[in-house]
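# give me a model of this one.
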Amino acid sequence: MNESLPPPPCLTAERQLAFHCYTPHHRCLTFRMLYSLARFKCSLLQVLKGASRTPRPITVPRFGHQTLAAALPAVGGSPGVRQARALDHERLLQVQWDDGACSFYPFTWLRDNCQCPLCTLQSAQARSLLLTDLDVHTGVDQVQVTDSNKVSITWPDQHNSEFEPDWLKKRCFSPEARQARQEELFLNERDFWDSGLQIPTLDFKEVLHDDKAALDWLMTLRRLGIVYLKGAPVEQGQVARLSQRIGYLRLTFYGHTWQVQDKPMANNIAYTSGKLSLHTDYPALHHPPGVQFLHCLQQAQQGGESEVVDGFHVAEFLRREHPDAFNTLTSLRVDFTDTGSDYCNFSVQSKNRIIDVDNEGRVVRINYNNATRDSVLDLPLDQVQPFYSSLKTFVELMDQPENVVTYRMEPGDLVTFDNWRLLHGRKSYVSHSSLRHLEGAYLDWDEVMSRLRILRKAVHGDSYTPLRPR
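Just a heads-up that it's a prediction; the model follows:
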C-alpha cells in the first residue's frame, strides 16, 4: 500500500493532518479507500461551486470500527457478504462486505428483528415477537453465510434467523449510515431562502394525474416549504380534490375546508379585510396542522397580496445574532387560545414554545400567532420582560423586507406551504362588487410524508438515494 499519497487539496491544514494520522489499523478500512472517497468529495465540491445552494465544508469522516462505504448505497445491485462472524466478547455480529466495507450488529437487535414467519407478520411487516420473550443478553451458537449470500444465525435455543444482505446494509449502525437512512425516511435537509425566492410553480392537473409531477411537488414542498400550483378550476372543492392525491384532510374546529372571506361577526381575524400579520396557523393546538392549502376563487379589487417568510431561516439568523433571544424562545412555553363556534363549539388552549427544536438543536417548528397568543402568560415575573424582548426581536427580523416574499394570487391559483415552517400574512384589501374569497384546508405532515415515500418508490423504485452534497 502506498502510504505517501498526498491529502486531497481541498482539505484544511488541520484536516490534512488528520488525513495523514488516520492509520490503517481500523477494522475493514484501507488507506486507499479513504483517499479515493476524500478525492471524490473534493471533486464534487468543485462541480457544485456554481450552484445556488451554498456548499458546506468538507470534513474527513470519523470512523469507529465501521467504514464509510457501509453507509453508502450499493451500486450495480445488492451488496455481497464476503464474511460474517460472531464477536462473542463484544456480543456483535461482524459483516465484511465484498467492497471491503465493514458493519457491526448487536446480537440482541438481530434477535429482536428476526424476519422469520414466527417473529414477523410478513403481510404487515410488523414484529410478532413479544419483548417479554426476547432474551436481551442472548449469545449466538453459529453464524454462516448461505449459498444465496444471506447471513444465517442459529441462536442458543436453536431458533434460526436469516437476513438479506441489502436489508442489513440499510440498517448499518455507523453514524454515516444512520444519518443517510434518517434523511431517506424524513428528508430533514432544508434549503433556506429570503426575499429573492422565486416560488416554484407546477401545473395543478399534472400534479393530480402524473406521479412524477406529484413527487416533484411534495419533494419541493418538503425542501423549500412552499409550492404554487396554477390552473385549478375556479370553483370550491379543489383543495379537497388535491388532498385526495395525498390521503385525507385534517379536520379542525373550522371544518374539513374553510372559506376565507370578510364576514360579519367574524370568529377568526382572517375572516376580515384587515391586514394579517405574519403568523403560523393554529398554535392554539398542541399539534398544529403541518401543511396548508389555499385556493383563490376571487381576488380583491385592491390589496390582498399574500406575504410569506421562511421561519427556519429567520430562526437560524436569530440563533447566530441574538443567542439569548433564541434560547428564550426555545425554552419558554407560551399560552395560546382560540374560542368560538364553527364546525362545532370550541374552546382550545395550548402551551407551545415559539420555536421548537429537536434533540439535536435543529429547528423543527414555529408556533406564533399574535392574534391567538393568550393574555394568560404563565411565566415567573423575572422572565416576562426577557420573553417580550426576545419575541419582539424575532418578529422584527421576520418583518424585514429582505426576508419577505410578496405575491398576488389570482383565481385558479392554489398555494401549498409548510405551516410548521412558513409564517404567512396578507395585506389589507378593499372589495367592491364581489368579495375576496379563498378556500383553505389543512393536512398533517405524517400523511404528506407517507404519500411522498410511496410516490418516490413508484417513480424511482429502490434506487433512490437521499445523499446530498455537504
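# for the most centrally placed residue in the chain, give me its contacts.
By CA atoms, centre = their mean, the chain has its centre lying nearest to N188, at 3.1 Å. By CB atoms under 8 Å, 6 or more residues apart in numbering, the contact set of N188 is Q182, R362. Placement of C-beta: from N, CA and C, glycine included.
# excluding chain neighbours, give the residue nearest to A266 in space.
Take A266 and drop its neighbours on the chain: the residue closest to it by CB to CB, 6 or more residues apart in numbering is T272, 5.3 Å away.
# that neighbour contacts D262, correct?
Yes. Look at T272 against D262 with CB atoms under 8 Å: they come within range, at 5.9 Å.
# and for G303, nearest residue in space, chain neighbours not counted?
Using CB to CB, 6+ apart, the nearest residue to G303 is Y429, at 3.5 Å.
# the one you found against R436, yeah?
Yes. Between Y429 and R436 there is a contact at 5.6 Å, judged by CB under 8 Å.
# shared neighbours, the two?
With CB under 8 Å, 6+ apart, Y429 and R436 have common neighbours S273, A300, G304.
# give me every residue that touches the last one.
Under the criterion of CB under 8 Å, 6+ apart, the contact list for G304 reads R408, R426, K427, S428, Y429, R436.
# thinking again about what came up before, residues contacting the residue nearest to G303?
Y429 neighbours (CB under 8 Å, 6+ apart): S273, A300, Q302, G303, G304, R436.
# 6 Å - rerun?
S273, A300, G303, G304, R436 (CB atoms under 6 Å, 6 or more residues apart in numbering).
# where do the strands sit along the stretch 201-350 of the chain?
Using DSSP state E, counting those that start in this stretch, the strands found in the stretch 201-350 of the chain span residues 201-203, 226-230, 257-260, 276-279, 291-298, 302-303, 306-310, 333-341, 345-353.
# pLDDT averaged over the last one - what is it?
Throughout strand 345-353, pLDDT has a mean value of 98.
# packing partners for that strand?
strand 333-341 (3 or more CB pairs under 6 Å, 6 or more residues apart in numbering; DSSP states H and E).
# tell me which residues in the strand it packs on are buried?
V334, D335, F336, D338 (16 or more other CB atoms under 10 Å).
# dump these to a markdown table, plus pLDDT and distance to L202.
A markdown table is the format used below for the buried residues of strand 333-341 (pLDDT from 0 to 100; distance: CB to CB, whole Å):
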| residue | pLDDT | distance to L202 |
| --- | --- | --- |
| V334 | 97 | 36 |
| D335 | 98 | 39 |
| F336 | 98 | 33 |
| D338 | 96 | 33 |
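# quick revisit: report the two of the contacts of G304 separated the most.
R408 and S428 (13.6 Å; CB to CB).
# what pLDDT does the model give the nearest residue to L435 once chain neighbours are set aside?
Nearest residue to L435, sequence neighbours excluded (CB to CB, 6+ apart): Q261, at 5.3 Å. At Q261, the model reports a pLDDT of 89.
# for the stretch 351-470 of the chain, which segments are assigned as strands?
355-357, 363-366, 404-407, 414-418, 422-426, 429-430, 437-443.
# just so I know, which of those strands lies nearest L251?
strand 437-443 (8.5 Å).
# may I see the buried residues of that closest one?
H437, L438, E439, G440, A441, Y442, L443.
# again with stretch 202-210
So for stretch 202-210, counting by 16+ other CB under 10 Å, buried means L202, F204, E206, V207, L208.
# point out where the stretch 51-200 of the chain drops to low pLDDT.
51-78 (pLDDT under 70).
# apart from its neighbours in sequence, what residue is nearest L218?
Per CB to CB, 6+ apart, closest to L218 is L452, 4.3 Å.
# for the host helix or strand of S152, buried residues please.
Using DSSP states H and E, the element containing S152 is strand 151-154. In terms of neighbour count (16+ other CB under 10 Å), strand 151-154 has its buried residues at V151, I153.
# now for it, which elements pack on it?
Strand 151-154 packs on strand 142-145, strand 160-163, going by 3+ CB pairs under 6 Å, 6+ apart.
# how about residues contacting the lengthiest helix in the chain?
Taking DSSP state H as the criterion, the chain has its longest helix at helix 381-399. With contact meaning CB under 6 Å, 6+ apart, helix 381-399 is reached by L278, V309, V314, L318, H322, A325, T328, L329, L332, L423.
# could I get those as TSV with pLDDT, distance to T120 and neighbour count?
Output for those, formatted as TSV (pLDDT from 0 to 100; distance: CB to CB, whole Å; neighbours: other CB atoms under 10 Å):
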residue	pLDDT	distance to T120	neighbour count
L278	98	48	23
V309	98	46	24
V314	98	45	25
L318	98	46	23
H322	98	50	17
A325	98	49	22
T328	98	47	22
L329	98	44	27
L332	98	45	20
L423	98	44	25
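# from what I can see Q94 touches Q83, true?
No. Using CB atoms under 6 Å, Q94 is not in contact with Q83; the gap is 7.9 Å.
# check which helix or strand covers R181.
helix 175-186.
# pull out the buried residues from that helix.
Here helix 175-186 shows E176, A177, A180, E184 as buried, counting by 16+ other CB under 10 Å.
# any idea how far Q238 is from the second one?
Read that as A177. Remark: distance between A177 and Q238 (CB to CB, to the nearest Å) = 42 Å.
# same thing with the first one?
Using CB to CB, E176 is found at 43 Å from Q238.
# tell me the phi and psi of the residue nearest to L435?
Phi and psi for Q261, reported as degrees, to the nearest 10, are phi -140, psi 160.
# how much space separates it from C296?
With CB to CB as the criterion, Q261 and C296 are 12 Å apart.
# more neighbours: which of the two?
Shown here are Q261 and C296; by other CB atoms under 10 Å, C296 has more neighbours (22 against 18).
# Y407 pairs with what?
S306 (DSSP bridges).
# distance check, the residue nearest to the centre of the chain against Y343.
Relative to Y343, and taking CB to CB, N188 is found at 33 Å.
# how about T416?
Relative to Y343, T416 is positioned 22 Å away (CB to CB).
# buried stuff in the longest helix of the chain?
P386, F387, S390, L391, T393, F394, V395, L397, M398, D399.
# V376: what's it in contact with?
So V376 contacts D335 (CB under 6 Å, 6+ apart).
# tell me the predicted confidence for it.
Looking at V376, the pLDDT reads 97.
# what does it show for phi and psi?
Dihedral angles (degrees, to the nearest 10) for V376: phi -70, psi 120.
# ditto for the one 4 residues further on
Summarising the backbone geometry of P380 under the convention degrees, to the nearest 10, its torsions are phi -60, psi 150.
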